[in-house]
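how would this look folded up:
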Amino acid sequence: MNNSQNHAVIILAGGLSQRLGQAKQLLCKDGEPLLRYMTKLALTTQPQAIIVVIPANDVAIANAIDGLVAQHSMIHTAVNQAPETGMAHSLYLGIEALSHCESNANADSQPIERVLIMGVDQVLLSGDHLLQLLVGNRAVVASSYHHRETFDETLTTETPKKAVVGVPLVINYDLLKAWQSALVGDKGLRHLIRGLSSYQMSTVINHQLSDDIDTPHQLAQARQKGWLDG
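Below is the predicted model of the structure:
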């Protein structure tokens with residue numbers, strides 16, 4: 001990785017996991033909550049700062065990250081007071097928190113050039129994939145993967161979905177700030193990056209990223225395969 005390209009990380013963990021029925025941030029992988037596991041993964045990319053967006057009024061989720069916040073001065077939390085409004089609001093808050101960190105940085109700190117945006121439920125995400133995103137030289141370098149087949153428990157069938165381009169992704173910081181006002185509800189970056197040309201965006205293919213955790217069925221599968229602790 002070219003470490004001269006200074007970057008920050010925003011971890012989107014401010015949702016309510018309503019389809020899952022329990023906080024996905026607190027599911028365990030290798031003996032620790034996913035929120036902590038993914039934050040440690042972000043640390044391996046050597047960022048200038050990490051902003052972790054968490055939902056309000058959830059002590060267990062806050063406690064899951066408190067230890068890392070205490071150990072690493074570049075990790076900060078942003079609290080989403082309205083987690084029901086969607087992921088885009090969490091990203092908006094993450095950008096606000098990152099701007100605040102930047103304004104309070106030391107005078108000799110290097111300016112942030114790019115931002116790595118990631119979630120917590122792509123349980124097969126690796127540090128190698130994050131580094132591949134960071135070596136890209138486009139305004140946006142996004143992950144590309146097939147949507148996992150969606151299980152319909154009422155029909156006992158599986159319906160394939162189209163390939164997606166989305167998080168984790170790396171985006172030019174100035175572009176991200178320019179797009180901030182358009183982040184409303186569930187309208188996140190995906191609908192914005194669709195308008196970019198091939199000169200502005202590239203992708204890194206990793207079909208393992210389709211294995212995220214949104215439903216009890218997906219959670220059961222992940223535990224059965226050993227991707228999450230039982």
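
where does pLDDT dip in the chain?
Along the chain, segments meeting pLDDT under 70 span 1-5, 107, 148-162, 185-187.

which helix is the longest one in the protein?
helix 87-103 (DSSP state H).

so which elements touch that one?
In this structure, helix 87-103 packs against strand 7-12, strand 50-55, strand 75-80, strand 114-118, helix 173-179, with contacts taken as 3 or more Cβ pairs under 8 Å, 6 or more residues apart in numbering; DSSP states H and E. Backbone N, C-alpha and C define where each C-beta goes, glycine included.

ok, which of those comes nearest residue 142?
strand 114-118 (9.4 Å; Cβ to Cβ).

quick one: the following helix or strand past the closest one to strand 114-118, angle?
Once strand 114-118 ends, the next helix or strand along the chain (criterion: DSSP states H and E) is helix 127-134. Inter-element angle recorded for helix 127-134 and strand 114-118: 140 degrees (by axes from the mean of the first three to the mean of the last three Cα atoms, to 10 degrees).

format the helices and strands packed on helix 87-103 as JSON lines; extra columns: distance to residue 230 and mean neighbour count.
Output for those, formatted as JSON lines (distance: least, Cβ to Cβ, whole Å; neighbours: other Cβ atoms under 10 Å):
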{"stretch": "strand 7-12", "distance to residue 230": "25", "mean neighbour count": "26"}
{"stretch": "strand 50-55", "distance to residue 230": "25", "mean neighbour count": "26"}
{"stretch": "strand 75-80", "distance to residue 230": "29", "mean neighbour count": "20"}
{"stretch": "strand 114-118", "distance to residue 230": "25", "mean neighbour count": "24"}
{"stretch": "helix 173-179", "distance to residue 230": "38", "mean neighbour count": "16"}
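
for the nearest residue to residue 41 once chain neighbours are set aside, what are its contacts?
Spatial nearest neighbour of residue 41, excluding adjacent residues (Cβ to Cβ, 6 or more residues apart in numbering): residue 127 at 5.7 Å. The contact partners of residue 127, by Cβ atoms under 8 Å, 6 or more residues apart in numbering, come to 41, 44-45.

contact partners for the closest residue to residue 67 other than its chain neighbours?
Spatial nearest neighbour of residue 67, excluding adjacent residues (Cβ to Cβ, 6+ apart): residue 36 at 7.5 Å. By Cβ under 8 Å, 6+ apart, the contact set of residue 36 is 64-65, 67-68.

10 Å instead?
25-26, 28-29, 52, 63-68, 120 (Cβ atoms under 10 Å, 6 or more residues apart in numbering).

SS state for it?
helix (DSSP: H, G, I helix; E, B strand; the rest coil).

how far does the longest helix of the chain sit from the chain's center?
Distance of helix 87-103 from the chain centroid (Cα atoms, centre = their mean, to the nearest Å) equals 13 Å.

do the same with stretch 170-190
In terms of Cα atoms, centre = their mean, the centre of stretch 170-190 is found 13 Å from the chain centre.

likewise stretch 122-138?
Relative to its chain's centre, stretch 122-138 lies at 11 Å (Cα atoms, centre = their mean).

do the same with stretch 37-53
Worked out by Cα atoms, centre = their mean, stretch 37-53 lies 10 Å from the chain centre.

list the contacts of the residue most central in space within the chain.
The chain has residue 118 as the residue nearest its centroid, 1.7 Å off, counting by Cα atoms, centre = their mean. By Cβ under 10 Å, 6+ apart, the contact list for residue 118 reads 9-13, 38-39, 41-42, 45, 125, 129-130, 133, 143, 167-170.

the nearest residue to residue 81 once chain neighbours are set aside: neighbouring residues, count only.
Leaving aside its sequence neighbours, residue 81 sits nearest to residue 56 (Cβ to Cβ, 6+ apart; 4.7 Å). Residue 56 has 12 neighbours, counted by other Cβ atoms under 10 Å.
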